[in-house]
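**Q** For reference, the sequence and a predicted model appear below.
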Amino acid sequence: MKIAAIFAMNQIISHGFGVFLFAALVPMMRESIDVSNWHLAAIGALTQLAYLSGALLLGLFGHRVASSKLILITGAVTTSLLFSMSLLKDPLTITVVLVMLAASAAISWGTIVEIISRCAKAQQCSTQLSTAASGTAWGYGINGLIILYVVPGLGWQSGWQLAAVLGVVVLLLTWRLLSGIQSSSIQVEKKDSQRGLSAMQLAKTVVSQRPALVACLVCVLVGFTTMPFAVWLNTYFDQLGLAADVGGYTWTTVGITGMLAGVLIGRFADSYGNSAALVFICGGFFLCLCAFIYNPSRFALLAGCGYGLMYFPVWGVLAGWIRQSYSSTVTMQISSICMVGSGLGGALGNLLAGYLRDTSGSLDVVYQTLAAAALLMFVVAIVGTRARTPQLLIEAA
C-alpha cells in the first residue's frame, strides 16, 4: 500500500489543492483582491476546459512519455504554481495559473493510473487505484483544516504556501518511490506498457470495444449526476429553508465517506470483482438519491454518504476493470478519455439543471432528473460489466 499512499498524496496536491483550494479560499482572497463574479464564472469555465484538455492530451500523446517522468513534472509544476498563488494579485494572472493547475491535475491522475496498473499486483490493483483516487477526498478535509486553523491567523496566502510546502514533501516522496521501484517489477509488462494507441486506434477502441465503451458511458453519467448534485446542493437547501449548517454537515459526510470508500471499495473490488464493486457503488448512490428526493431534510446526510461512496472510488474501480482487458498504457489512455467524458457529462448536466430550474422554478425536478440518470448509470453498470473479456485487447484496435 506504500505506492497507493504516496499517489493518494499526489491526488491531495494535484486535485485537493490544485483544483479545489481556490474555491475554499476565494471568500478570503476577495477581501484583498478584486475578483469579480465575472472572474469567478470565467475561472469555473476555463478550468473545466483545461482539465478536459489535459485529459485529452494525455490520452492522445501520453504514451510517448514515460509516466514516471510525467508524474514528477506535473508534481513540480503544481507545487510551483501553488506557491505562486500566494504572490499574485491580478485576477487574470490568477486565472491563468488556475487553468494550468487544472490541466496538470488531469495529467497527474492519468499517469498514476498507468504506474499503479503496471506495478501493482493483480489482486491488489483496484485497492491501490481506489485508495489513490480517494486522495481528493482527503484534500477536501485538509482544505477545511486550512480554513479553520491556518488562514485566520496567518492570512489566505499562508494556505497556498502550506500547500506548496506539502507539495515539495510529496514530490520528494514520489521521486524516492519511483527510484526504488525495481526494474524487474517494471520488466514484467514492459512490452505491453510501452505499446500505446494512436488517436484513431483509441477512438476506434472506445467506440467498438465493450470494456472501453462501458467505462466511458459510466463516466459520462458520473459527471452528469455528480457535478450538478454538487453545484446546486446548497441552493437546494436554501430553497427548502433548511438550516445553513445542513450543507456543511453534508459535505463533511461526503469527505469522510470518500476517505473510507477509497480503501474499502477497492478491497471489495479485488475480493469480489470490479463489476460487483461498480454495481454496488452506483446502486448505493441511486438509492441514497431516492431517499433524498423523498425527504431532503431527513436524508441530506445519506445523500452525502452516497455521493462519497460512489464518486471517489469509481475512478479506481473503473481503471482496475479496464486494466483487466488492456495494457497499463492503454488503460491510462482510456481512463483519460473517461475523464473527458465525465467533464462533458457534467457540463451537459449543469446546463440541463439550469434550464429545468428556470422553467419549473424549483430544484425538485432537477434532483429527480439526477436520480433518473443515476438509475440509468446503475443499469449500464449491471448490463455493461456482465461479460468480462479475459484476454488483453491491446492489439484489437
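**A** Arrived safely, thanks for sending. Numbers count the residues shown, from 1 in each chain.
**Q** Okay, buried residues for the helix or strand in which Leu309 is found please.
**A** Using DSSP states H and E, Leu309 falls within helix 296-323. Within helix 296-323, the residues that qualify as buried by neighbour count (16 or more other Cβ atoms under 10 Å) are 296, 299-323. Yep, even glycine has a C-beta here, placed from its N, CA and C like the rest.
**Q** so for the longest helix along the chain, what's the average pLDDT?
**A** For the chain, the longest helix by residue count, based on DSSP state H, is helix 328-360. Across helix 328-360, the average pLDDT comes to 89.
**Q** now the helix or strand following that helix: how far from the chain's centre is it?
**A** Later in the chain than helix 328-360, the nearest helix or strand by DSSP H and E is helix 364-384. The chain centre lies 19 Å from the centre of helix 364-384; the measure is Cα atoms, centre = their mean, to the nearest Å.
**Q** by how many degrees do helix 364-384 and helix 328-360 diverge?
**A** Counting by axes from the mean of the first three to the mean of the last three Cα atoms, to 10 degrees, helix 364-384 lies at 150 degrees to helix 328-360.
**Q** With just CA atoms, put helix 364-384 into CSV.
**A** The C-alpha coordinates for helix 364-384 follow below in CSV (Å, rounded to 0.1, in the frame of the first residue of the first chain):
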residue,chain,number,x,y,z
ASP,A,364,-37.1,19.4,-7.1
VAL,A,365,-37.3,18.3,-10.7
VAL,A,366,-33.5,18.7,-11.1
TYR,A,367,-32.8,16.2,-8.4
GLN,A,368,-35.5,13.9,-9.7
THR,A,369,-33.7,14.0,-13.1
LEU,A,370,-30.4,13.3,-11.4
ALA,A,371,-32.0,10.2,-9.7
ALA,A,372,-33.2,9.0,-13.1
ALA,A,373,-29.7,9.4,-14.5
ALA,A,374,-28.3,7.5,-11.5
LEU,A,375,-30.7,4.7,-12.3
LEU,A,376,-29.5,4.6,-15.9
MET,A,377,-25.9,4.5,-14.6
PHE,A,378,-26.8,1.6,-12.3
VAL,A,379,-28.4,-0.3,-15.3
VAL,A,380,-25.3,0.4,-17.5
ALA,A,381,-23.1,-0.9,-14.7
ILE,A,382,-25.1,-4.1,-14.4
VAL,A,383,-25.5,-4.8,-18.1
GLY,A,384,-22.2,-3.4,-19.4
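**Q** where's Phe268 relative to Leu370, distance?
**A** Look at Phe268 and Leu370: by Cβ to Cβ, to the nearest Å, they are 25 Å apart.
**Q** Who has more neighbours out of the two?
**A** Neighbour count, other Cβ atoms under 10 Å: between Phe268 and Leu370, Leu370 has more, with 25 against 21.
**Q** which ones are touching that one?
**A** Phe224, Thr225, Pro228, Phe229, Leu289, Gly349, Ala353 (Cβ atoms under 8 Å, 6 or more residues apart in numbering).
**Q** Kindly report the same for Leu289.
**A** Residues near Leu289 by Cβ under 8 Å, 6+ apart: Thr225, Phe229, Ala303, Gly306, Tyr367, Leu370, Ala371, Ala374.
**Q** With Ser84 instead?
**A** Contacts of Ser84 by Cβ under 8 Å, 6+ apart are Val97.
**Q** Secondary structure element for it, which one?
**A** Following DSSP H and E, one finds Ser84 within helix 67-85.
**Q** Look at Ile33 and give its secondary structure.
**A** The three-state assignment at Ile33 reads coil, by DSSP: H, G, I helix; E, B strand; the rest coil.
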